[in-house]
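Colleague: Build me a model:
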Amino acid sequence: MLGLFSLALVGCFSLGSSKKATLKIVLPPMVPAYSGPRATVALADFDVKAAKATSEIGAQLRQMVLKGLTVTNRFVLVERGDNEHAAVTAEGGEGAKTPELIISAAVTEFEPQVSGGSSGIGGGGGEARGALGGLLGSNLNKAHMALEIRVADAATSKVLTTFLVQGQATDISGIFPGQGPLADGLCAYARTPMEKAIRICVAEAIRRISESIPENYYKS
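Modeller: Next up, the predicted model:
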């Protein structure tokens, strides 16, 4: 399944090095290559609702989605009132533009390790947890995250679509080599099942957003 995508923001420091790795972004294969008019969109700051996520994690996830949307070649990404991502906005030589669509997202679940104890199913321990573990196996030790995404018309505020994307993993198979390290704020999850869950969720978000934009918004 992990062969379906390869998308990463790079920023983690390597041991013994003071330099950051080079940015590597690869279009997820489930998003077809595209050439033609593009939709002008703005990606709002992520709302963090998950108890185990922070505003920094939300910002880093937003960066991953932002870079992923850029590499699809389907969007002109602009900012509302700041120049934080001017390099992305100006890519391809575009001048200042007003977004026609606003994409917003909320981090609704962020579980680096779901277990059968206090944070998992049932909340029991001892024999109860052991019996449950025997029935459900590795499902009790699964990293998981979810993003709730909304696409709205910027002029009318009409919501065009909402959907939930999820990523979960119990191992790290399939994510190395070639995808680069995670961004600074996500380094704690590098080479863990949570990294795999993050990459799956972000790639699915890119795919669903790319498929959900109505054709009449492709103008630029």
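
Colleague: C-alpha from now on. contacts and neighbour counts both.
Modeller: Noted.

Colleague: Give me the phi and psi angles of residue 106.
Modeller: Dihedral pair for residue 106: phi -130, psi 130, per degrees, to the nearest 10.

Colleague: All further residue positions should be reported with the first residue as 51.
Modeller: Will do, 51 is the new start, and the previous item becomes residue 156.

Colleague: Verify the stated contact: it with residue 213.
Modeller: No: using C-alpha atoms under 8 Å, residue 156 is not in contact with residue 213, being 10.8 Å away.

Colleague: got any residues that touch both of the two?
Modeller: Counting by C-alpha atoms under 8 Å, 6 or more residues apart in numbering, the contacts common to residue 156 and residue 213 are 198, 199.

Colleague: what sits against residue 217?
Modeller: Neighbouring residues of residue 217 by C-alpha under 8 Å, 6+ apart: 194, 195, 196, 246, 247, 248, 249, 250, 251.

Colleague: wait, doesn't the second one sit right on residue 247?
Modeller: The one in question is residue 195. Yes: Residue 195 is in contact with residue 247 according to C-alpha under 8 Å; the separation is 6.5 Å.

Colleague: out of those two, which sits in the more crowded spot?
Modeller: Counting neighbours by other C-alpha atoms under 10 Å for residue 195 and for residue 247 shows that residue 247 has the greater number, 28 against 24.

Colleague: Which of the three states applies to that one?
Modeller: Of the three states, residue 247 takes helix under DSSP: H, G, I helix; E, B strand; the rest coil.

Colleague: Quickly list what's touching both of residue 195 and residue 247.
Modeller: Counting by C-alpha under 8 Å, 6+ apart, the shared contacts of residue 195 and residue 247 are 216, 217, 218.

Colleague: quick one: which helix or strand includes residue 95?
Modeller: For residue 95, there is no host helix or strand (DSSP states H and E).

Colleague: That one and residue 154 touch, don't they?
Modeller: Yes: applying C-alpha under 8 Å, one finds residue 95 in contact with residue 154, separated by 7.0 Å.

Colleague: The two: which has the busier surroundings?
Modeller: More crowded of residue 95 and residue 154, by other C-alpha under 10 Å: residue 154, with 19 against 16.

Colleague: can you give me the strands for the protein?
Modeller: With DSSP state E as the criterion, the chain has strands at 89-93, 97-98, 125-127, 151-164, 192-203, 209-219.

Colleague: Give me the below-cutoff pLDDT ranges for this protein.
Modeller: Along the chain, segments meeting pLDDT under 70 span 51-80, 130-146, 164-191, 226-231.

Colleague: run the last query once more with 50
Modeller: Within the chain, the stretches with pLDDT under 50 are 51-61, 63-75, 132-143, 165-188, 227.
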